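Undergrad: Return a 3D structure for these sequence lines:
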Amino acid sequence: MAQLFFRYGAMNSGKTIEILKVAHNYEEQNKSVIIMTSGVDTRAGIGHVKSRIGLSRDATPIFDDTNVLETVKALNTDAACVLIDEAQFLQKHHVLELALSLIHISEPTRRRGISYAVFCLKKKKIKQKKKKQNSQCNNVTNI
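TA: Have a look, this model is predicted:
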């Protein structure tokens, strides 16, 4: 059965190193992986994921016009895991295509399930003034 894992965290929380670790662990078991990243993120160069400690791997870039379902099928339909870094830059249609590819690639004819791990930056919560919060709470009405 297909699985989707979504992990997020603040900057420097180790999301990219986690992708590299997961990829390594799958490959140690002779399972293939697909690593993808946003084409918008160019810090390590287009088509590369690189952790802050220096480890890096090639990745398939996802641009605005990329069809993720077709890309995953073309790369390796027997992949055990698809890892996506910098997912906060993906478009809505990419997320829908990822969901479709989970269904398509995990058909009953497949020997084993596929796992997706999506990693993205956690947005910081904006701290509001306590006074403002209290006034908002007082204006809430029950329905």
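Undergrad: So for stretch 45-65, what gets flagged as buried?
TA: Buried residues in stretch 45-65, counted by 16 or more other Cβ atoms under 10 Å: G47, H48, V49, K50, S51, R57, A59, T60, P61, I62. Quick note: C-beta positions are derived from backbone N, CA and C, even for glycine.
Undergrad: Nearest to K21 among those residues?
TA: S51 (9.5 Å; Cβ to Cβ).
Undergrad: my read: that closest one touches A23, true?
TA: No - S51 sits out of contact with A23 when judged by Cβ atoms under 8 Å, with a separation of 11.7 Å.
Undergrad: And the helices in the protein, which stretches?
TA: In the chain, the segments counted as helices under DSSP state H are 15-28, 68-75, 92-105, 130-138.
Undergrad: Out of those helices, the one nearest L4 is which?
TA: helix 92-105 (6.3 Å).
Undergrad: Which neighbouring elements make contact with the closest one?
TA: Contacts defined by 3 or more Cβ pairs under 8 Å, 6 or more residues apart in numbering; DSSP states H and E place helix 92-105 against strand 3-9, helix 68-75, strand 81-85, strand 115-121.
Undergrad: Of those, flag the one that's most buried.
TA: Between the helices and strands packed on helix 92-105, the one whose residues have the most neighbours on average, counting mean count of other Cβ atoms under 10 Å, is strand 81-85 (a mean of 25).
Undergrad: Just the mean pLDDT for it, thanks.
TA: The average pLDDT within strand 81-85 is 88.
Undergrad: Mind giving me the packing neighbours of it?
TA: Counting by 3+ Cβ pairs under 8 Å, 6+ apart, the elements that strand 81-85 packs against turn out to be helix 15-28, strand 33-38, helix 92-105, strand 115-121.
Undergrad: Of all the helices and strands packed on helix 92-105, which one comes closest to S32?
TA: strand 81-85 (8.2 Å).
Undergrad: Just the pLDDT for G9.
TA: Looking at G9, its pLDDT is 83.
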